[in-house]
Each structure stands twice: as C-alpha cells, then as structure tokens.
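[1] Compute the structure for the input listed below.
(chains A, B, C and D)
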Protein chains: 2
Amino acid sequence: MQAAREMFVAEGVDRVSMRKIAEKIGYSPTTIYLYFKDKNDLLAQICEETFARLTHNITAIQRLSDNPIEKLRLGLREYIQFGLKHPEQYTMTFIVPLAVGAELPFEQSNGSLAFGTLRAVVKECADANLLKDNDIEVISQTLWAAIHGLTSLLIQHGSFPFVDRETLIDNLIATLIAGLRK
Amino acid sequence: MQAAREMFVAEGVDRVSMRKIAEKIGYSPTTIYLYFKDKNDLLAQICEETFARLTHNITAIQRLSDNPIEKLRLGLREYIQFGLKHPEQYTMTFIVPLAVGAELPFEQSNGSLAFGTLRAVVKECADANLLKDNDIEVISQTLWAAIHGLTSLLIQHGSFPFVDRETLIDNLIATLIAGLRK
DNA sequence: CGAGGAAGTTAACAGTGTTAACTTACAAAG
DNA sequence: CTTTGTAAGTTAACACTGTTAACTTCCTCG
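    Numbers count the residues shown, from 1 in each chain, chains lettered A, B, ... in the order given. Next up is the predicted model:
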C-alpha cells in the first residue's frame, strides 16, 4: 500500500499499473491480488487511510480556537488546504469515481468520521445559537459541497484563469459563514 | 461525435473504447483517428458541445426574470439541474480530468462563454448595488466552485447519505446569496 | 489515360487488469 | 521420518485497450 500510494501520488492513478507497483515492491504482478481483490480494492483501502489523515488534521487545527465559528472556519480552511497540498490523494479519494461496489458502505468508512468532524462543529455553532437555521445535516452537507467544489476545481482545472487562491478560499468561506450566521 | 456522446452518456467514458465506437458507426477503429487526434481530442470536442448547451439553457432560463438576484438564483439552479439531468456529460466535461494539453486554452473554449453568463449576471447584481463586495471575478469563481461542488458530489458519491436533493440545492444557493447580499 | 489525394482498412505494438494453474517452502500430524 | 496441508508466490494466458504505419480503394482533375 505504501508503494502504491507513493506511485499514485507521484504519477496519477491511471498511469500506475499493477505491474509497475509489483515491480517496485519486487513481486510478480499477481501477488498483489493475494492481498487485494482488485485495483479498486487497493485504491479504496488507500482512500481509507487518506480519510483518517484528513480527520486527524482537521481535529488538530480546530483545537486552536474555542469560538465555534472560528473552529468551523479553521476546519473548512484545513480541508481545502489538505486537498491542495495532496492533490493526487484528494483526487483519488474524492474526485475519481470508485467503481460501484468498491467503496465501503458509508457508515463503515473513515469518510464518515471525517464528515463527523464537520457535523460536530456545525452542531457547536447551532448549540451556541449562532446560526439562522438549525438543520445540522443540511448545513454540513452544504458546506462540504461548497469546499469540495473549490478544492477540486483548483486541483483540476489548471487552464482556467483563477484569481489568487487565498483570496478565493477566504471569499468562499466568508460568504458561506456570512450566509449561515444569524 | 453523436454516437460517441450517446455511448459515453449511456456507459461512462472509460467503459467505451474506440473500437466500440467504431463498431457502432460501422467503421474500422482507426478511421476515427482521421478526424480526431486521439480519444482525448474526441472527448474535448464533445465537451465543447456540452458547454454550448449549458450556456444556452442558462441564458434561456434567466430571461424568466428581470430581478438581478432572481436571475442569478435561476442560473445557479439551472447549472446544478443540468448536471443532475446529464450526469455523464457533466462528469466528462467538469469532473474527469482531461489529459494536459487536450483541453483548449480557456479563452478559445465554449467554457469561457458558459462562465461568462455567470459573470454577467453577477455584474448585474453588483451594478444594481445589491452586493456587499464588488469584485465580480472573485464572486463569480466562488459561486461556480460552490455549485460545482454540490453537483459533482450528488452525481458521484452515491453511497453518501445525502439529504433531499432539492433541500440541499435550495440551501446552498440561499446561503451563498445571503452571504453575498448587502 | 494517368496522377494525386481523400477515405478507409489491416496488421501490429506495447501495454492493461485479471484469472487459473502451477511451484516452492515450511510447519504440524501420524 | 514421512506425509499432508497450507501459505506465498510465480508463469502463462485471456481478452481487452489506445494508437501507429503501411497498405488498399476509389474518385476527381489535368
């Protein structure tokens, strides 16, 4: 998995074949199939690791503040920064569609933990009576959609003339929070 | 192109090979290469068509209102609905990364026309003095990022337990507009 | 009639994910 | 000790993929 992750990160998922991974780890190509059902399975398990790292980063940075809104802002920023810092990992985890059936049911995936951190901080904001609306699930999903959109566009559409990244990130987060706040 | 588009839409881009397209149109596989440089080129040209259709839909629906904010809302909604109605086309146009060099320079692409409709309606709002901030480019890109995020998540992450789609769409658009409005 | 070019085809290359059948090595059971 | 079972790994092969080079047809123009 470590070798595969490194190669995926360096060269992109489709340009890394099972044979190349096998060569790198000094085994024959078919050996990989003793430990992973297929390439999608290998990918899915690497994604699980990525979810865990992302969750870790977000919870860590949120400890920097006690203000619920500020914690929310920090978490959203960290999500986007994580994607920009690890574009290939973000791509394979959130953008490239895993073949149907390859992904774990959501409840059993680390993805639900990552989303849980967002839901938790939104709930904090709601409990502190800072939001116009209190449907935590709707708000959390809305926020995720928005930050995922910016992250994936910045990663992928290199030919689009984006304005300064920091400006865009700040503007998106500020707009969202302003729109949600009481 | 028509046959290729239909097959891509029906089966997904990677599950349609050049050979299958050729068989469908009754030619040998290599004939396609007389008219398109490679598969990416074929894809890019289909994407250009998609951009044009999207632009057409958005400008059409915006004629339903004279209120700048309402026009903006209608346009954003139409963008998302277009994606949900044509998920494979949206995927191949906005999600799956075209190989570098395959995509046209942005200025020459129909994509710039589509984005232009968004920029135009944002400018209308700004000119009517309805927005807190008046950096049209930043606002337009922010909005695109957010609606792209929701569209692509809804299309691709089938295993995530999303709340009702309409609720989510309305909430995102309402949040964005509330956040931008004076 | 002959040349040129457009339109299309055949055969092939180098690669892909994946499976079935085979080997090898080693540990526990009789 | 030998036998048996099993874990770990390999070889060979299948059915594909995108793509290129070289070849054939056929029609038009001089």
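[2] helices and strands of chain A: which one has the lowest mean pLDDT?
    Within chain A, no helix or strand scores below helix A:87-90, which has a mean of 92 by mean pLDDT, DSSP states H and E.
[3] Return the set of buried residues in whichever helix or strand comes after it.
    Per DSSP states H and E, the first helix or strand lying C-terminal to helix A:87-90 is helix A:110-127. Neighbour counts over helix A:110-127 (16 or more other CB atoms under 10 Å in any protein chain shown) mark A:110-112, A:114-115, A:117-119, A:121-126 as buried. Where C-beta positions appear, they are placed from N, C-alpha and C, glycine not excepted.
[4] in the next helix-or-strand element following helix A:110-127, what's buried?
    Moving toward the C-terminus from helix A:110-127, the next helix or strand (DSSP H and E) is helix A:136-156. Within helix A:136-156, the residues scored as buried using 16+ other CB under 10 Å are A:136, A:138-156.
[5] same for helix A:136-156, what does it pack against?
    Under the contact criterion of 3 or more CB pairs under 8 Å, 6 or more residues apart in numbering or on different chains; DSSP states H and E, helix A:136-156 touches helix A:68-85, helix A:87-90, helix A:110-127, helix A:165-180, helix B:136-156, helix B:165-180.
[6] Redo the ones you listed as TSV? Include distance to DNA strand D.
    Below are these laid out as TSV (distance: least, CB to the nearest atom of the strand, whole Å):
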stretch	distance to DNA strand D
helix A:68-85	28
helix A:87-90	21
helix A:110-127	25
helix A:165-180	31
helix B:136-156	21
helix B:165-180	32
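[7] what residues are up against residue A:110?
    A:48-49, A:51-52, A:55 (CB atoms under 8 Å, 6 or more residues apart in numbering or on different chains).
[8] ok, for it, nearest residue in space, not its chain neighbours?
    residue A:51 (3.5 Å; CB to CB, 6 or more residues apart in numbering or on different chains).
[9] ok, the helix or strand containing that neighbour near DNA strand D or not?
    Applying DSSP H and E as the criterion places residue A:51 in helix A:39-62. No: judged by CB under 7 Å from any atom of the strand, helix A:39-62 stays clear of DNA strand D, getting no closer than 13.5 Å.
[10] Run a quick neighbour tally on residue A:55.
    By other CB atoms under 10 Å in any protein chain shown, the residues close to residue A:55 number 19.
[11] dump the residue contacts of the residue nearest to residue A:110.
    By CB under 8 Å, 6+ apart, the neighbours of residue A:51 are A:93, A:109-111, A:113-114.
[12] Report the separation between it and DNA strand D.
    Distance, residue A:51 to DNA strand D, using CB to the nearest atom of the strand, to the nearest Å: 27 Å.
[13] What pLDDT does the model give that residue?
    For residue A:51, the model assigns a pLDDT of 94.
[14] Can you report phi and psi for residue A:134?
    The phi/psi pair for residue A:134 (degrees, to the nearest 10) reads phi -120, psi 20.
[15] Any figure for the gap between the spatially closest residue to it that is not a sequence neighbour and residue A:79?
    Closest residue in space to residue A:134, ignoring its immediate chain neighbours: residue A:126 at 4.7 Å, by CB to CB, 6+ apart. Relative to residue A:79, residue A:126 is positioned 19 Å away (CB to CB, to the nearest Å).
[16] now residue A:71
    13 Å.
[17] Which one's more surrounded, those two?
    residue A:79 (25 against 22).
[18] From DNA strand C, how far out is the residue of chain A found nearest DNA strand D?
    Closest to DNA strand D within chain A is residue A:28: 3.2 Å, counting by CB to the nearest atom of the strand. To DNA strand C, residue A:28 is 9 Å away according to CB to the nearest atom of the strand.
[19] what's that residue in contact with, if anything?
    By CB under 8 Å, 6+ apart, the neighbours of residue A:28 are residue A:22.
[20] Need phi/psi at it.
    Taking degrees, to the nearest 10, you get phi -80, psi 150 for the backbone angles of residue A:28.
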